[in-house]
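S.K.: sequence first, predicted model second:
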Amino acid sequence: GQPAGLARVRAGMERRYAELREYLESAMTRQASALLISGAEKYSGVPLTTLYFGSGNHLEYVLGLLFREYRVVEEHRHLNAWQARRWVDGYRNKVDLVTADLPWPYHRVLAGRGMLEAPAWVNQKLQLPETWDGVLAQLRSSARGEDLRKVRKHGLDYRIVHDEEAIRRFYDEMYVPHLTNRFGGAAYIEPEWRVRYCAESGALMQILRDGEVVAGQVLFGNRQSLQSLWTGTSGGEFGQQSQGVFPALYYFGLLYAFEGGYHEADYCGSRPLLSDGIFQLKRRWGGQVYDGWSRDTLFFLPTNLGQGNLSFLSHHALIARCRQDLVGKVFLGTEPIRPADVVRVEQVYSTTGLRAIKLYSLQPPSPEALDAARATPGIELVDLSGEAQAAAAYCRR
């Protein structure tokens, strides 16, 4: 085989070439598809129809948010991404929900046209002060308490490795199975060369229990930031074997970044859902939300507030773009907003990096709820009861 140094040089050249190719492919003419889909909404089971227009990059993810089962009624392939507006306008009166999935720069066709606009992925990062106590102070109490107790209770430790065989085992036996088990058809699996390059150039952190490797993550230093790029477990991640593993990945990764003199721990991408489990875990560990990690944008436009859309919106607290900022959108449906809702949303969803979390309801908020919102920075109440087109107002306001 090649000497290790030459292999790393070759892997680096392959990485730069692939990234340049991805960028150019995104900027050049991009084909898109339009799918008319009918199915049962994921939580209520009531009928829901949607038009999906886009690149297909996040099709499985979008369908996983919307449906428990579905069928494709119409399929139009080999379209130009610039045609997005025409397809959206042509179907908005024929379906319950219009969705679009567009890469840069094609997202500009729909931006600012009344659809809810969400980055396909958001970034979560933690700025590291000069003292370890200062780092811990930025974590949620649940991370400092419950999570760290799990790490100690299960005797977890870590080591850093760079050898090729360990990296291959991580990719084949941890990273790929973990993503496949968690996301199914919506999983995006990075090519092995990319994971190998970053692990060899950065580090592979192995999490150990009694000397046995139970999880790992690839860490890669980029200027003053340490990125936690890819994670995997040794299997059984929802059983006894997984106890404390995910807190250990965050704790030891954060410790490694601090001791390495980095100014920032970059937890990388999360889906734009306040309720997403991975988003919530990174939030516990102090992750501040940023836009710009993904070149892809998701668009949603409910055309009515029938039972299917009510269920979809109330079960998905989406992170959306609002001019230059990010906001959280929590839809309470036909229930009036109560003071307890304000308290719960602040406790469960409030995250640094969001300009505000907006609570929407088709009922006017009570005076007590308004008082609670005024006393809670970052929480805004939106009354949709007087809107002639409440679904459009939810997207716009």
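M.R.: That came through fine.

S.K.: what's the distance between the residue most central in space within the chain and residue 298?
M.R.: Relative to the mean C-alpha position of the chain, the nearest C-alpha, by C-alpha atoms, centre = their mean, is the one of residue 271, at 1.3 Å. For residue 271, the distance to residue 298 (C-beta to C-beta, to the nearest Å) stands at 10 Å. Glycine gets a C-beta too; all of them are placed from N, C-alpha and C.

S.K.: what's the burial count for the closest residue to residue 390 other than its chain neighbours?
M.R.: Leaving aside its sequence neighbours, residue 390 sits nearest to residue 384 (C-beta to C-beta, 6 or more residues apart in numbering; 4.3 Å). Applying the criterion other C-beta atoms under 10 Å, we find 21 residues in the vicinity of residue 384.

S.K.: what's the first helix or strand after the strand ranked longest in the chain?
M.R.: What stands out as the longest strand in the chain, according to DSSP state E, is strand 67-80. Using DSSP states H and E, the helix or strand that follows strand 67-80 in sequence is helix 84-91.

S.K.: tell me which residues touch the residue nearest to the centre of the chain, please.
M.R.: For residue 271, the residues meeting the contact criterion (C-beta atoms under 8 Å, 6 or more residues apart in numbering) are 61, 120-122, 278-279.

S.K.: pretty sure the residue nearest to residue 390 contacts residue 362?
M.R.: Yes: contact criterion C-beta atoms under 8 Å: residue 384 and residue 362 qualify, at 5.2 Å.

S.K.: how about the contacts made by residue 326?
M.R.: With C-beta under 8 Å, 6+ apart as the criterion, the residues that contact residue 326 are 119, 122, 289, 291, 319-320, 353-355.

S.K.: sec struct for it, please.
M.R.: The three-state label for residue 326, taken from DSSP: H, G, I helix; E, B strand; the rest coil, comes out as strand.

S.K.: if it is in a bridge, with which residues?
M.R.: Note on residue 326: beta-bridge partners residue 321, judged by DSSP bridges.

S.K.: equivalent analysis for the one 4 residues further on, please.
M.R.: Note on residue 330: beta-bridge partners by DSSP bridges are residue 359.

S.K.: count of neighbours near it?
M.R.: Neighbours of residue 330 under the rule other C-beta under 10 Å: 24.

S.K.: what residues are up against it?
M.R.: Contacts here follow C-beta under 8 Å, 6+ apart; on that basis residue 330 touches 274, 317, 345, 349, 357-360.

S.K.: ok, now with 6 Å
M.R.: Taking C-beta atoms under 6 Å, 6 or more residues apart in numbering as the criterion, residue 330 is in contact with 317, 345, 359.

S.K.: low-confidence ranges, the stretch 201-350 of the chain, go.
M.R.: When the per-residue scores of the stretch 201-350 of the chain are filtered using pLDDT under 70, the ranges that remain are 236-242.

S.K.: and the strands in it?
M.R.: Under the criterion DSSP state E, counting those that start in this stretch, the stretch 201-350 of the chain contains strands at 203-209, 212-222, 225-233, 264-270, 288-290, 296-302, 318-322, 325-331.

S.K.: can I get the ones you listed in JSON lines with distance to residue 339?
M.R.: Listed next are the strands of the stretch 201-350 of the chain as JSON lines, based on distance: least, C-beta to C-beta, whole Å:
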{"stretch": "strand 203-209", "distance to residue 339": "42"}
{"stretch": "strand 212-222", "distance to residue 339": "41"}
{"stretch": "strand 225-233", "distance to residue 339": "38"}
{"stretch": "strand 264-270", "distance to residue 339": "29"}
{"stretch": "strand 288-290", "distance to residue 339": "26"}
{"stretch": "strand 296-302", "distance to residue 339": "27"}
{"stretch": "strand 318-322", "distance to residue 339": "23"}
{"stretch": "strand 325-331", "distance to residue 339": "15"}
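
S.K.: right, so of the ones you listed, which gets closest to residue 35?
M.R.: Using C-beta to C-beta as the criterion, the shortest distance between residue 35 and the strands of the stretch 201-350 of the chain is 14.5 Å, found for strand 296-302.

S.K.: pull out the buried residues from stretch 219-230.
M.R.: Buried residues in stretch 219-230, counted by 16 or more other C-beta atoms under 10 Å: 219-221, 225-230.

S.K.: same question for stretch 198-210.
M.R.: Of the residues in stretch 198-210, 198-200, 202-209 count as buried by neighbour count, 16+ other C-beta under 10 Å.

S.K.: now those residues as JSON lines including distance to residue 67?
M.R.: Output for the buried residues of stretch 198-210, formatted as JSON lines (distance: C-beta to C-beta, whole Å):
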{"residue": "198", "distance to residue 67": "35"}
{"residue": "199", "distance to residue 67": "37"}
{"residue": "200", "distance to residue 67": "41"}
{"residue": "202", "distance to residue 67": "39"}
{"residue": "203", "distance to residue 67": "40"}
{"residue": "204", "distance to residue 67": "37"}
{"residue": "205", "distance to residue 67": "37"}
{"residue": "206", "distance to residue 67": "38"}
{"residue": "207", "distance to residue 67": "36"}
{"residue": "208", "distance to residue 67": "41"}
{"residue": "209", "distance to residue 67": "39"}
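
S.K.: just these now: which is nearest residue 42?
M.R.: Residue 42 lies nearest to residue 207 out of the buried residues of stretch 198-210, by C-beta to C-beta, at 33.1 Å.

S.K.: beta-bridge partners for the closest one, please?
M.R.: Using DSSP bridges, the bridge partners assigned to residue 207 are residue 158, residue 215.

S.K.: who touches it in this structure?
M.R.: Taking C-beta under 6 Å, 6+ apart, we find residue 207 in contact with 156, 158, 214-215, 248.
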